[in-house]
Each structure stands twice: as C-alpha cells, then as structure tokens.
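K.L.:
the amino acid sequence is not available; the structure is as follows:
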C-alpha cells in the first residue's frame, strides 16, 4: 500500500484505534492496561488523555506511535493498519508523520549542544548538518529556547528540556504530535507556559495534538478529552483501565465515535 | 558454626558467603565475566605455552644428555665428525684415577621405515657404558638385544616411522643406504632418557660399520674416581695434546643453550607482549562492568558493609575469576605447547641430540597462575575508587555515569608524554643499540599514550566532514563516539596494541626470514647441483669420497665438480658451523651477509689460505677485527687464521666460520667431502643431468642430488619451521585482540539500546542506525589500527635491528605493506563480522525501550 | 516506648562544589523524629532530600551540625563504626532498591546479616518471616528478574527490616508502584514504626503518603519547613 498523502483531510482519520487491548507482563502475571479501546484523531484536532500515574497513558501513546503492538484490535494511521507495516515502514512513519514527546526520552550524547541535539533528527531525512542546524535554530527560537541553544544538552533543567524536546519533535513537521506527561515540569507557571506552547506549536505546524497527562490543566480545552482509568476507579483485584469520554467532542464529525469499554 | 575451620569468618563475612557473592554475580553477568576471563586466559595461555615450549627444549635435552652420559663427569671430544681411534678409550680407562670410561660414536643419520623417515642422531655405545650406569645389569634384555646387533629406537621415533620390534628399516649414513632391523623399542632407564629423543642406539661396532667410521669414536665418557677429577682432567688434557677437547659432560648443554637462546629469547619477548595484550583485553572487559560494580559497592555500603568488607568481597570475586581464568589459560597454554609451539627445531637437531618431551615444572604453573591472578586483581581495581576514605557516599550520591569523558588536559598530557617517550626511545636506540628491545616495549606505551590525541583529532576531522554530507550517518557515529569517549579510547587502544604487536613482530619475523632466505640462496647459489649427505642441511657430515666425485665428473653435461667440506666446531659455549669451500668456488662468501670487510679482498684472502671469515658474535666475543687473527682449535691442534671478513651468523645462531678446503683438509686431516658442488656445461638441462648423476651414484642411495633451487627450498623450510612460533604468536595475538575488541564493541552497543531506541523515535530507521553502528566500529578500529601501524613500523624496525644485533642474524628492514594491510583487514573484518548481527539486533530494538528507565 | 531511641538532626549543613559553584544541598536543617513516629519529607527534585537521608545514615559527613540517634552522635562516628551502625541499626530502603540480580528474593533480603558473620542458612531462617510479613513468602526463591516492580520493592523493604532495625530510612519507596500497591507499602511502613516503636523518615513525592504519616515536612533549596509549602501543595493537589 503506498503511503497516504498528508493532505487527506476527508477520507481516513489521521489515527484510529479499533477495539484495542493491551496488557503488560509484571513478574509472573499479565496486568491488563486497557481493553477494547476505540477512538479517532482527526487532522489538526487536539485530544487530551487524562489519567493518574501508571494508568496506561504512555502505553496508549506508544501504541499510537507504532512502537508497540496491541494484543488485540487494530490501529490505523491515515487508514493504514500499523500491524501490516514492516519495521522499516514504521520507522519511516516516525520520521515523516509522527512526533513523540515523552519526558523520559531525554538521552542527549555527552558534549552535545542543544542545537545539535535538535538538528540531528533531520539528518535521518538526508539533510546536511549545516542545513539541519539552521532549521533547528528557527524552531528553537519559536520555542523560546534560543538563549540556551548553544549550551550542553545534558545541563538543562526539566522545564528547558521540555521546550527543547518540543522543538526536536516539531522540527520534522509531523502530522501528529504525541505528548506524554508535560506535567513533569516542576513549577506551575512554567507548566502553563508549556501547555500553551504545545497548543500553539501544533496549530502553527498544522499537526494534530494528543496530550496525555495526570494534570487536568494540560488536557483542558481540547477537542476531545478522555480519561484513562486507575486511581479511585480501580476495581479490586485488577487494574483494567476504563476509557471514559468526559467532554463531548466539539466538532460533530463523528458522534458516538468513542465507545465506553472495559466496564 | 559446627565446622568453623571449613567456613571461617573473615572480617565478619563467612568464607562460604564470599563464594556465594561470586556465584550471584556469575549468574547474572556471565557474559562480562567470560569476556574478562577470556582476556586473562589468552594472556596466560600465550605466556605459559611459550614458557613450557622453551624450557622443555632445554630441560628435556638435559634429561636426554644425562641419560646418555650416566655417571660420567668428563669427556674427551673429537673436533670433527671423523673422530679419533677407539683405542684411546682403552688408554683412558687405564689412566690413574679413572674409574670407568666408554667410547661413543655420534653421527647424524636418517632412518627410513614403512611409514616415513626421521633424522636422528645415531649413538654407537661401547658395552663399558654399563659401568657408567647408562645401561644397568637389571636390564639384561636391552643389553642382549643390542648385543645381538640391531638398532634401539625410542618409542616416539619408532612410531613415527612405523617400525616395531624386529621390523627392517633402512638407515642412511655415510652417503649409503644400509639395511638394519629394529631390535628393540627402548625401555627402561635409557628409554626414560631417550623416550622422546631424536636418537638411535646401536652397539659401537655396528654404528661404526653403518657410518663407515671403522674403529673410530667421537667421544670418550670418563668417570673419575671420587676426588680425582682434577687429576684425571690433567691426564686427559695431556692425552688430547691440543687436538681433542677435554670438558665437563654438561658442556654440550651450554652449547645448546647458546644455540637456542636467540629463538627462545625472541619467542619469550613476543609471548610477553602477547601476555600484556591479554591483560589489556581483560582490563578492557572489566572496565565495561565498572558502573555496575560501583552500584554494587554503593548498595553494600548502604546495607552497612564497611569498606574492608567491600574490598574483601570484590577482591575475592577477582581472585576467583583470576584463578578460574588462569587455570583455563594454563590448560590452553598446555594445549598450545603440545600443538602449535611443539616442535623440535630441525636446524638444532642437526647439531644436538634433542628430545621433544614436554616438561612442565610446578614453578612454571605457579608463575602463570600467579601472573594471571595478579593481572585480574589489578584489572578489577577501578571501581574501588569509591572506597577512598572520607567519601563513603560518592558511589551513592554522585550519579554513576557510564562514561566520565576525557578532559582536554588529559589528552594533551598523554600525547605529550607519548611524544617524550618516543623521542627518548629514539635517543636510547641511537646511543645504546643493545637496549633496542626496551625501546620496543616503550613504543607499546607510546601507542597507548597517543591514542586519545589521535582519537580526538580524528573524530573532530570526521565530524566536520560528516556535517557536509547530506544525511550522513557519520554525524551520528561521531556524536556517539564522543559521548562514549573513554570506553572508545580504551577499545581503540586495545586495537592499537594488537596491531602494534602484530606489525612489529610480524615485520621483524618477515625481515628475519628474508635475511635467512638470502643467506641460504647465496650459500647454495654457488653451484647448479649439490650432491649432499641426506637430510644434513648444514652440510656438516662428511662421507667417504670413494671416487664419487670422479664418477660425477664423467657424467655428460657436467663441467666441474668441487669438494665442499664442513663440520661443527666447539669454541667455548659456541658450537660453530665450519664451512670450507674450494678455492675455485665462484663465491667464497655470501655477499649479503657481510658485516665488515671488503668482499673482493676477503674472497681473495680466503682463496689464498690461512684466512677465515667469522661471524660477528664470535668476533665481538673475542674482540676481533678484520685483519686481526683468530685461533681455532682444530683436530691438529690450535691454528691461527687471519680474519678476512666479519659476517652474520648465516642462519646458524651460534655463528659460522668460512675457510678454504685446502686449509680444512690440512688441519682437519681429511679429504672426505660433506657435499659436492657440481657446475653444468652451458645450455644443458638441469633435470636431465640431475637424473644422470643419480644414475651414476648407483648404490650410494644415501647421497641426494639436488638442484641449487631445491636445496635452497629445503633449507628455507627448515629455517622457517624454527621461526614459525613467532608468526603464530603474532597471529594468535591479533585474533584474540580482534575477537575481544569485537565482543567489547558488541557489549557497548548492547548497553546503548535505549539511546538507539530514542533515535528511532526521533526518525532514524533501523538501517540507518545499523549503518551508523558499523561506521562507528570501523572508525574506532581504524583509529586504533593507524596508531598501531605507525608505531608498529617503528617497532618493527627496532625489533629487526635488535635481532641483528643480539642474535647475529641478518634481518634487513623492509616495510611489508602487504602484511600491514592483511593485519588491518583481519582486525577490521573480524570485528565487523562479529558485531554485524548484535549491531543489527540493537538497531532494531523496540523503540519503546527508549522510553523506559 | 523509649524516648532515648529517637532521631535528632541538629542544624545540619552540607554543601557541594560543582563547576566552581557551591550548591547548598542541606542548609541548616533541624528535625526530631520520636520513636514510633513516621515523618514524611516532601520536596522537589534536587532539593536535598537524598543528601539529608545520606547524612542521617552516616554515609555523608555534614559540614556543620550533627545527627543524633539513641543519644549517640552518628555524624562523628569513624567509618567502620558508621558502617556497623547502618548494618545493625538502620533499615534503609533506597529509591532504586538495587537487588543482587543473581540472588533469590530471600537471599537478597538476608544481605545485611551476611556482613555480620552469619551463615546463609541462619540468615535465611531469620529473614523468612520478614518476607512473609511483606507478603512474599511464595516468591522467596525467585530472582529479581522474575519479580514485579512491586514485589522487588517489597524485597527491599524486607531486607531493611530483617536486621530488626531501630531506625527506618526510606527514599521514594513507592516511586515505581501504582497507587494501590503504594498504599499497601505505606501502610506497612507506618505499622512497622508504630508496633516496633522506631522512628521512621520517609522521603517521597507521592501525594498519598500524607495520609499514612504522623507529620509532613517540606525541603526546598536546603531549608526545611513544617507541612507542605504552597507550591508543593499545588502540584500534589
């Protein structure tokens, strides 16, 4: 199947989860993270996933990025089933279409400057490092990170890090930006700034945005808000997650597209 | 508690628990422990194998000799293979103070059995030898069987030629083929001494018949009465009248020692380099586990183990690893000494009775074990920096980074230190040539010191290049190499050392072979065809002429036949190679082997007579110069020769002397040739004439007819056999290093999976990452190889020089580009082959790994 | 309860020098924890919480001030004495609960007894009840790679308790656990301190911990405050 064009707004949704289930091995047992989850993300749409720590938010994003496979169900990106792709095709999808921003994913090389760290991914697509650096500086400037662009990447504080990671994800101009836990930033004011930056970044770069967080401020005001189980909703004996639509989708494109499951 | 003696408490920890701690570690970190243990084992194996092979040669020859001489203390020895009249033995026996004496006739012969031929030393014994305890009355069977007329062969020789008790064999001696039968495969006391020896025993009369030396012996063994040794020695000297040597029976061992010293010295040196590389491999493997062991230390300390206990636990782990790895190394080394390193050097067997018995002394094993354990303990030291007093929380509190990085200062200091050592080595070598060998070792250090600088420079340059190439994985490779700088430098250092060792050893060996080949081809190049006495490659055994030369001269196509004479002559501890050429010989000396003197003048002087060309060590030992004179102990007494030229040793470690045949015949009192040189008429086919000569020789089947080229090849093969160990050490070292660098690279790559996964999330596909990994490895190895090659070439030049200076061999320096290329391809090829698969697996690591801790 | 077996931190100061910059990790901290009391210590990352624990355990020497436990000045003990203090008196549950990978859960829990001349057999006998206490009796013979995160954490707790400690120091014991397991562990720690009458110090990020401790303190920029400060209260809300 040839890759779908980036401008197909009408035909297939950008991302589609159909009856997806996932469980994790933990020691001897498999702990279900969620069961038969279905939802869609459309071009340019902002989606929030709210849930407590270890509720399965990261897992959901990893499945969406195609870097983990579901136990059951189907995940399609621009209409193409991720399971049907080769490893190489999935790698290319990450390069060309999907940006994943996870607060854990911070492994700059020792001695690497911030601008180089942001520029490096562009080399994967045939850019020279000179060209990549120029584009990285633009994106860093946009992310308000110019003042530490030439510092060592490992020396950054958490808040600065998140901005750099955002620049790193957006510099490749993805169609879908997946953000895992922006609330890792310690100071509340910095957090709010980051949330705003995420949204404006997605808008300016014409990317759909999925934010997963335990902070309700991060997911506030999205087109679609989902809560992923855990916390007080847990049933005794299991951790099976519940996906509940708390806020109805603003756009009436797909009424009932989200199903209640697992309960 | 019930058996405190078996499970004592050391510093508050039970002995059983110390073992248990290591068991836990081994269970989890099997691969790392194997890697570290492997390095130690390889080092120990190389050193142990060579030690055993070297010491076995001497000590088994010693055993053989002592077995043969029994309780004799003194000996009367002939100065040529012609020997002296056996009646002298009877005279000796009647001398005052002599308790027993027995004559011996020794000569190199070849025995041919159903399954092969073997060059052995035929030893004819006089029954009086029983009085020396060599054959005892308790072995009447042996004596009787020998008396019945026949050969006694050591089991090893009998097996290798495929002849058993009573089987007929052919014995080539004196240029003839004699039928003989194996009367006994030696057993008993004599057999213990000769079991693995390259000897054959016969009663004196039979030996005399076989070798054509009727009523002659070459040696009389003498047992003086207690306290009468000085008296007897004086009497013997009187009897010898300056025409025979009187010496202690051990003298021959000293001569063997000086003959084999150059070879064993060089193999020991090379094995030591091998051992050092092995240690560095282990150190490298241990460095990989430093972060993990530091965490282990941190954990123990938080649980309340004090620093002594931590030291004890870690030290015990290193001890167990060291003992285990060293034991494996000793076993491997034993295998090596039995297989690769196990051979009696053919060129030595020509002149000495040798034994191939492998003798392993407990002290050798202890030495190897001790060195291995010590190396392991040293290699496991680095994590212990966390035990420095006053800083108990370092390991806990400071983030334990896998790689602490290298500071610019360290790079500069090390580089500067390297250059200083380099200059010092050059000065040292120029001022004190004998210390060249130290220079070779110091260069290894220079290779290590320069690695960080080479690394930093190369990475910088490559990174700049990579930035200009669109989509180049060079950028990734360089970023990653920079961020694992310490480890990468360590790995490049190991590669550099291996390449250094291999290039230096391999190059020097190549030079040595070239030198020897040159000497041999010049030596045999003086005639078209050589008629030689069996397997005697040095032409030291004479044969009865019997008009053979005349017969050959009559053969169609033959222009001239010249007599060549030669033998071995003992001067002090040197058993010299005496070569006598006819004055009509086109070349009296090998042009390439001249050390000092003028070739034309020397040739003229040699032809005139009364002059000799001598080897450089003999010259050095006796402070001789060209134009001076040297006194040689000939069978006619001491004779003065002028020194016409100073030569290399011409391929015979103790040295050589060249004179003309007139002088030889006169002073050695024989006209018997030890070879015949045949010139052909122009335009005749060598093969045809060779066949014709073989026909003309008729029943003298012990004489071989060889073209100059054939004899050169045979000789070269035997010289190469003696030097093979050097080449094998170089290759083993290289393979071990390549494997170890590769596995360490593999381990490093594997530890970086999370980072690779992160790069995949950021858009790199696994093929790009794989390419980056391979590129990174290749660059790392190239950096090490370039550094190693540059210094290796210098080291090679030094080693060649050292060989020339201390061993007297000719070893002209030649670059050997092909060999260097081979070395590099071997290292790079093996390493890339080994890491290709783990590299691909690491590149295909699930991207989710990048999101976990 | 024995009032003399309390923990007291007096005006503790610890500075680090990194890249010519002085980091005031702990800057004048005083705190008393009575026997049987469990005190939670909140603070943002890098606020000096871990340093404070290391000072308390005698793993670090303070620049100024002192640590007193059971009427002894821990902070001035020589290294070997401090090691014995940790081995015999402190139960230490560390953030990343390093367990020896090759050893079983039971052997891991028995670790600290092995530094006191115990044979493995005796150490196992004494340790087993503690493993049962944290609910791991069925998993005693499994190595850490066969255990879940929660189980590993419980092994680390059993290890801390096996030496019958007189002081409990824990650093993020629930950092890797889901909320249900976190509550179980927190309850266990609280109960232990109460029933054995030993003081406990709990360094944590976990909002749930507040419900299980007797007192809450905040450490920020090296200074200690009673209760949660405004910023932390907001982020934990």
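P.N.:
Now that the structure is in, tell me what you want to look at. Just so we're clear, the structure is a prediction, and the values are computed from it rather than from any experiment.

K.L.:
okay, CA-based contacts and neighbour counts for the rest of this
P.N.:
Will do.

K.L.:
what pLDDT is listed against residue B:144?
P.N.:
Per-residue pLDDT puts residue B:144 at 60.

K.L.:
before we move on, what about residue B:210?
P.N.:
87.

K.L.:
for the helix or strand where it lies, name the packing helices and strands.
P.N.:
Secondary structure assignment for residue B:210, by DSSP states H and E: helix B:204-211. Packing partners of helix B:204-211 (3 or more C-alpha pairs under 8 Å, 6 or more residues apart in numbering or on different chains; DSSP states H and E): strand B:98-113, strand B:116-125, strand B:168-173.

K.L.:
tell me how far that helix lies from the chain's centre.
P.N.:
In terms of C-alpha atoms, centre = their mean, to the nearest Å, the gap separating the centre of helix B:204-211 from the centre of its chain is 36 Å.

K.L.:
and that helix, what's buried?
P.N.:
Going by neighbour count (16 or more other C-alpha atoms under 10 Å in any protein chain shown), the buried part of helix B:204-211 is B:204-208, B:210-211.

K.L.:
let's have these in TSV, adding distance to residue B:71.
P.N.:
Shown next, in TSV, are these (distance: C-alpha to C-alpha, whole Å):
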residue	distance to residue B:71
B:204	19
B:205	23
B:206	24
B:207	23
B:208	24
B:210	28
B:211	27
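
K.L.:
what's the helix or strand for the spatially most central residue of chain A?
P.N.:
With distances taken as C-alpha atoms, centre = their mean, residue A:178 lies nearest the centre of chain A, 1.2 Å away. If you go by DSSP H and E, residue A:178 is part of strand A:176-180.

K.L.:
run through who's touching the helix holding residue B:210.
P.N.:
Helix B:204-211 has contacts (C-alpha atoms under 8 Å, 6 or more residues apart in numbering or on different chains) with B:104-105, B:107, B:122-126, B:149-150, B:171, B:173-174, B:178, B:214-216.

K.L.:
give the pairing partners of the strand holding residue A:178; include direction for each.
P.N.:
For strand A:176-180, the pairing partners within the sheet under DSSP bridges are strand A:98-102 (parallel), strand A:208-213 (parallel).

K.L.:
could you point out which element follows it?
P.N.:
helix A:188-204.

K.L.:
run the chain-centre distance for stretch B:123-133.
P.N.:
The answer for stretch B:123-133 is 35 Å, by C-alpha atoms, centre = their mean.

K.L.:
measure it end to end?
P.N.:
16 Å (C-alpha to C-alpha, to the nearest Å).

K.L.:
any low-confidence regions in the chain?
P.N.:
Since no chain was named, I'll use chain A. For chain A, the stretches flagged by pLDDT under 70 are A:1-11, A:26-28, A:53-54, A:186, A:229-263.

K.L.:
the intended chain is chain B.
P.N.:
B:1-5, B:135-149, B:184-196, B:342-344, B:346, B:388-406, B:850-853.

K.L.:
what residues does it put near chain A?
P.N.:
Proximity of chain B to chain A, by C-alpha under 8 Å from any C-alpha of the partner chain, involves residues B:466-473, B:475-476, B:479-480, B:482-484, B:755, B:758-768, B:846-848, B:850-853.

K.L.:
what sits closest to residue B:849 if chain neighbours are left out?
P.N.:
residue B:754 (5.3 Å; C-alpha to C-alpha, 6 or more residues apart in numbering or on different chains).

K.L.:
closest point of chain C to chain B, which residue?
P.N.:
residue C:87 (3.8 Å; C-alpha to the nearest C-alpha).

K.L.:
OK, contacts around that residue?
P.N.:
B:303-305, C:112-113, C:115, C:163.

K.L.:
need phi/psi at it.
P.N.:
Phi and psi for residue C:87, reported as degrees, to the nearest 10, are phi -70, psi -40.

K.L.:
give me the pLDDT value at it.
P.N.:
The per-residue pLDDT of residue C:87 was computed as 87.

K.L.:
distance of it from residue C:102?
P.N.:
Applying C-alpha to C-alpha to residue C:87 and residue C:102 gives a distance of 22 Å.

K.L.:
same question, residue B:246
P.N.:
71 Å.

K.L.:
who's in contact with stretch B:733-742?
P.N.:
In contact with stretch B:733-742 (C-alpha under 8 Å, 6+ apart) are residues B:35, B:39, B:42, B:274, B:277-278, B:281, B:491, B:494-495, B:498-499, B:501-502, B:823, B:826-828, B:830-832, B:834-835.

K.L.:
and chain C, which residues reach chain B?
P.N.:
C:50-51, C:54, C:59-60, C:79-80, C:82-88, C:91-92, C:98, C:100-103, C:111-112, C:114-120.
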